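**Student:** give me a 3D structure for the following:
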Amino acid sequence: MKRKTFFLFSSIAIGCFSLLPFLWFVLTSWKTPSEIEAIPPQIIPSFYWGFYRSALEQYGLLRYMGNSVIVAGATTLFTIAIGSLAAYALARFRLSWTRFYLMLLLAISMFPQIAVAGPVWRILNYLNWLNSYHGVIAAYITLSLPMGIWIMTTFFKELPYEVEEAALVDGCTRLQVLWKVVLPLAAPGLFTAAILIFIHAWNEFFFALLILTNPTLQTLPVGIALFPGEYTMPWGEIAAASTMATLPLVFLTLLFQRRIVRGLSAGAVKG
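**Tutor:** Numbering: from 1, shown residues only. Okay, here's the model as predicted:
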């Protein structure tokens, strides 16, 4: 009983500590300009909504959100489509180098972004894809594929092969088996991979800053970071924009938390 109580209070303390920066930005977004500059800081805001209106009307926050939806959504769809084919091949075809390839994918996903920034920029510049949606989407797909393939391969390996054999005996091709049998059964894993890929593409900053220099195409993280200020930083607008940028991810996580947990743990235990 004492151990459970200790674990409960520890979890609550860690959760509160992790949420503290986000809660501080939310409270800051509701303060007046004088309350933001007050010393000592004022904790309880006056629920002033002017910064939200300014972020939407003056700084073009909706345009940045639309760009992020396009980029993150397209990245997720293409990564799942391409990664599912590669993951199915790695899971079902007995190849001697499968384990090495998966370890190589894991190693590639750990590369610092600055290490590949030069080659990525040169390739996109050669293709004339800089300052374009397809340029940043292509870069994001390259970054997301290792993680997506790794997650989906784990789930495909856990599916019973007997079901696929029955479909093959009935006359289905490999692609039909993948589309009609494997993907529906692996839906929790696909959903988990899609959510993680979407969150990564939504929050990515470095390559978006490198590739998209046109303000009309910039995504949320870059747009918020480059909010202009005449004499000082517009902290109120930045706090309001950051709150609005984070809320969709919080909503998705709370709405689909059971599926995400189920998807992350489904491949951990072999039945």
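
**Student:** what helix or strand does the spatially closest residue to Arg174 that is not a sequence neighbour sit in?
**Tutor:** Leaving out its chain neighbours, the residue that sits closest to Arg174 by C-beta to C-beta, 6 or more residues apart in numbering is Leu168, at 7.8 Å. C-beta: built from backbone N, CA, C; applies to glycine. Element membership for Leu168, per DSSP states H and E: helix 161-169.

**Student:** how far off centre is that helix?
**Tutor:** Helix 161-169 has its C-alpha centroid displaced from the chain centroid by 34 Å (C-alpha atoms, centre = their mean, to the nearest Å).

**Student:** ok, the residue nearest to Arg174 - how many residues close by?
**Tutor:** 14 (other C-beta atoms under 10 Å).

**Student:** ok, Ala38 next?
**Tutor:** Quick note: Ala38 (other C-beta under 10 Å) scores 11 neighbours.

**Student:** distance check, it against Met110.
**Tutor:** 43 Å (C-beta to C-beta, to the nearest Å).

**Student:** which ones are touching Ile36?
**Tutor:** Ile36 sits next to Thr28, Trp235, Gly236 when contact means C-beta atoms under 8 Å, 6 or more residues apart in numbering.

**Student:** pretty sure the last one contacts Pro33?
**Tutor:** What it means is Gly236. Yes - counting by C-beta atoms under 8 Å, Gly236 touches Pro33, with 6.4 Å between them.

**Student:** the more surrounded of those two?
**Tutor:** Gly236 (22 against 14).

**Student:** biggest helix in the chain, by residue count?
**Tutor:** What stands out as the longest helix in the chain, according to DSSP state H, is helix 61-92.

**Student:** for Leu77, see how far away the residue nearest to Val163 when sequence neighbours are not counted is.
**Tutor:** With C-beta to C-beta, 6+ apart as the criterion, Val163 has its nearest non-adjacent residue at 5.9 Å, and that residue is Val181. Relative to Leu77, Val181 is positioned 21 Å away (C-beta to C-beta).

**Student:** Leu104 in helix, strand or coil?
**Tutor:** Put simply, Leu104 is helix when judged by DSSP: H, G, I helix; E, B strand; the rest coil.

**Student:** count the residues that sit near it.
**Tutor:** Neighbours around Leu104, by other C-beta under 10 Å: 12.

**Student:** so for it, what's the pLDDT?
**Tutor:** Confidence at Leu104, expressed as pLDDT, is 83.

**Student:** how close does it get to Leu90?
**Tutor:** For Leu104 relative to Leu90 (C-beta to C-beta), the value is 11 Å.

**Student:** and for Ala74?
**Tutor:** 24 Å.

**Student:** domain ranges for the protein?
**Tutor:** Taking automatic domain parsing as the reference, the chain has its domains at 1-48, 61-266.

**Student:** how many neighbours does the spatially closest residue to Ile211 that is not a sequence neighbour have?
**Tutor:** Once flanking residues are discounted, Ile211 sits nearest to Val136: 4.7 Å by C-beta to C-beta, 6+ apart. Neighbours of Val136 under the rule other C-beta under 10 Å: 28.

**Student:** likewise Leu77?
**Tutor:** 15.

**Student:** equivalent analysis for Leu226, please.
**Tutor:** 12.

**Student:** Gln218 is in contact with that one, correct?
**Tutor:** Yes - counting by C-beta under 8 Å, Leu226 does reach Gln218; the two are 7.3 Å apart.

**Student:** could you find the closest non-adjacent residue to Glu109?
**Tutor:** For the record, residue 109 is Ser, not Glu. Pro146 (4.0 Å).

**Student:** quick check: pLDDT value at the residue nearest in space to the middle of the chain.
**Tutor:** With distances taken as C-alpha atoms, centre = their mean, the residue of the chain nearest its centroid is Ile199 (1.7 Å). Reading off the confidence values, Ile199 has pLDDT 90.

**Student:** now it: closest residue in space, sequence neighbours ignored.
**Tutor:** Per C-beta to C-beta, 6+ apart, closest to Ile199 is Leu249, 5.8 Å.

**Student:** please, which helix or strand holds the one you found?
**Tutor:** Going by DSSP H and E, Leu249 is in helix 235-255.

**Student:** buried stuff in that helix?
**Tutor:** Of all the residues in helix 235-255, those buried under the rule 16 or more other C-beta atoms under 10 Å are 235-246, 248.

**Student:** cool, thanks, signing off.
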